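[1] Kindly generate the corresponding structure for this input.
(one chain, ligands or ions: 1)
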Amino acid sequence: MKTEYKSIDTDVAIIGAGPVGLFAVFELGLLDIKAAVIDVLPKPGGQCAELYPEKPIYDIPGLPVVTGADLTTNLIAQIKPFAPEFVLGQSAVSFAPTPAGFWNITTDTGTVVRARTVMLATGGGLFTPKKLPQPVAITYENTSLFYAVRSRAAFAGKRVVVAGGGDSAIDWAIDLVEHGVDVTLTHRRDEFRAAPARVAHMRDLVAAGKMQLAIGQIAGLNGLAPQLTSITLSVGTGIDAITQDIPTDALLVFYGLTMNAPPLTGLNLILENGLVPVDTENFATKTPGVYAIGDICTYPGKLKLILSGFHEGALAAQAIFKYMYPDRKLRFQYTTTASDLHRKLGV
Ligand SMILES: Cc1cc2nc3c(=O)[nH]c(=O)nc-3n(C[C@H](O)[C@H](O)[C@H](O)COP(=O)(O)OP(=O)(O)OC[C@H]3O[C@@H](n4cnc5c(N)ncnc54)[C@H](O)[C@@H]3O)c2cc1C
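    Here you go, the predicted model:
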C-alpha cells in the first residue's frame, strides 16, 4: 500500500488500522462518509496482524474460527468499496483544530490529514520497534541505523546488515537481496521464528552465495556518527567468544515491537488510566469532533474485544453523520434489503 501522501482531505481521520479502525471505514462508508486511516505499522490489522496472525479467534460473530491474519484480510476486502486512504508507516503525532471546524492531524513524517472529525482507534497503543540497547545507537538512527524500511531505494548500492530472526528480518533480507542489495543477515542463534518457507528461501540464498549469514550478538557499532562503517558481532559464549567486524553502510534492526501509549497531543482529552472516556450513546469524547472506539476507549462495562469495537464503530459512524450534517435526516437501513446500500457496495 502506498504511503507517499503529503496532504489529504477527508471526512474522518481514523487513527489506527486495527480491526476496529478498519471496520469503522465500512460503517462510515455506508453513510457516504470518507475516511483516511493512519497507522504507524506498514500494514493494516493492528494486534491481530502483528501479535497473533496465525492464532485462531473463536468469538467473531458468524465466523466459528478465523486467524488474526484472515480476519484482517476479510476486513480489508469488506472496506474495499469505500476506498479509504491508507497512511501507513506513519504515526499521528499532533492534532490541531482549525477555525473552520476541521482537524489537522500531522504525522511524524510530515503528512497532514485535514478531516472534519477524528476517530481514535489506537487500541493498545502505538506499535514501536524494540531498539538496540547500546546508548550510542541513537547517534546513528535514521542515517545509517533503521528500525523500519520507508524506502527500499535508500539501500541501493549499500552494504546492509539486517538483524533479527522473525518475519520482518527474513522478509526484508530476502527482498533487498532480490533487489540487488549486498545483505548480511545476522541473528543471535541459528534458529529463526519466521515462516518456515521464508526461512528455507533465505537458506537457499545463503547457500547460493547471494546473502551472507552471520550468527552472533551485536556487541558494537563503529563509525563516526551518524555514519556506521561496521558492526561488531560477538560470536560464541564464555571464554570461547570471539568478535567479528562486518563492514556496514546501513544496519536494519528488526527485534520486534512493543506497544506504548500514543501521545495524542492537542486533543485535550482527560484520560482514565491511559484510556479515553466516551459516551456510550455516540462514542464521542469530551472534545467536540473527536470519537474513540475499540481498546483505547473506556466506559462502564467496557470489554476489550473485537466484537465490542465493531459495535462502537457503528454507533460512532452514526454520531459522526449527525455531527457533520445536523440538518439531514439519518435513515436506518439494512444492508440486506437497501438497494441504495447495494449500490455503494457495488453488489
Ligand atoms: C494474543 C491476543 C489474543 C487475542 N484474542 C482475542 C480474541 O480471541 N477475541 C477478541 O475479540 N479479542 C482478542 N484479542 C484482543 C483484540 O486483539 C483487541 O481487542 C483488538 O485488536 C483491538 O482492536 P483495535 O483496532 O481497537 O486496536 P489495535 O488492534 O491495538 O490496533 C490499534 C492500531 O493503532 C495504531 N496506532 C496507535 N496509535 C497510533 C498513532 N498515534 N499513530 C498511528 N497509529 C497508531 C497501532 O499501531 C495499531 O496498529 C487478543 C489480543 C491478543 C494480544
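[2] The helix or strand where A13 lies: partners in the sheet, and parallel or antiparallel?
    Assessed by DSSP states H and E, A13 sits inside strand 7-15. The strands beside strand 7-15 in its sheet (DSSP bridges) come out as strand 35-39 (parallel), strand 112-120 (parallel).
[3] And those strands: which comes nearest the ligand?
    strand 35-39 (4.3 Å; CB to the nearest ligand atom). Where C-beta positions appear, they are placed from N, C-alpha and C, glycine not excepted.
[4] so, in contact with the ligand or not, the closest one?
    Yes: applying CB under 6 Å from any ligand atom, one finds strand 35-39 touching the ligand at 38-39.
[5] With stretch 138-147 instead?
    No: if you take CB under 6 Å from any ligand atom as the test, stretch 138-147 misses the ligand, and the best it gets is 13.8 Å.
[6] measure that stretch end to end?
    Stretch 138-147 has an end-to-end distance of 11 Å (criterion: CA to CA, to the nearest Å).
[7] average pLDDT across that stretch?
    Throughout stretch 138-147, pLDDT has a mean value of 96.
[8] circling back to that earlier point, mind exporting the C-alpha coordinates of the strand holding A13 to PDB?
    Output of strand 7-15 as PDB, limited to C-alpha atoms (Å, rounded to 0.1, in the frame of the first residue of the first chain):
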ATOM      1  CA  SER A   7      -1.600  16.300   2.300                       C
ATOM      2  CA  ILE A   8      -5.000  14.600   2.500                       C
ATOM      3  CA  ASP A   9      -8.500  16.000   2.800                       C
ATOM      4  CA  THR A  10     -11.200  13.600   4.200                       C
ATOM      5  CA  ASP A  11     -14.200  13.500   6.400                       C
ATOM      6  CA  VAL A  12     -12.900  11.300   9.200                       C
ATOM      7  CA  ALA A  13      -9.300  10.600  10.100                       C
ATOM      8  CA  ILE A  14      -9.200   7.200  11.700                       C
ATOM      9  CA  ILE A  15      -6.100   6.800  13.900                       C
END
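[9] Restricting to C-alpha, output the following helix or strand past that strand in CSV.
    Later in the chain than strand 7-15, the nearest helix or strand by DSSP H and E is helix 19-30. Included here for helix 19-30 are C-alpha records, laid out as CSV according to Å, rounded to 0.1, in the frame of the first residue of the first chain:
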residue,chain,number,x,y,z
PRO,A,19,-9.7,-4.5,13.3
VAL,A,20,-11.8,-1.8,14.9
GLY,A,21,-10.5,1.1,12.8
LEU,A,22,-10.9,-1.0,9.6
PHE,A,23,-14.5,-1.9,10.3
ALA,A,24,-15.3,1.7,11.1
VAL,A,25,-14.4,2.5,7.5
PHE,A,26,-17.2,0.2,6.5
GLU,A,27,-19.8,1.8,8.8
LEU,A,28,-18.8,5.3,7.7
GLY,A,29,-18.8,4.3,4.1
LEU,A,30,-22.4,3.1,4.3
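[10] Helix 19-30 and the ligand, are they touching?
    Yes: Helix 19-30 lies within reach of the ligand by CB under 6 Å from any ligand atom, at 19-21.
[11] for stretch 316-328, same thing?
    No: contact of stretch 316-328 with the ligand (CB under 6 Å from any ligand atom) is absent, the minimum separation being 12.0 Å.
[12] Please report how far the closest residue to the ligand within the stretch 201-347 of the chain lies from E312.
    Nearest residue of the stretch 201-347 of the chain to the ligand, counting by CB to the nearest ligand atom: G294, 2.3 Å away. Per CB to CB, to the nearest Å, G294 is found 7 Å from E312.
[13] Check G209 too.
    54 Å.
[14] as a whole number, average confidence for the strand holding A13?
    96.
[15] and the end-to-end length of stretch 113-130?
    Span of stretch 113-130 from end to end, CA to CA: 28 Å.
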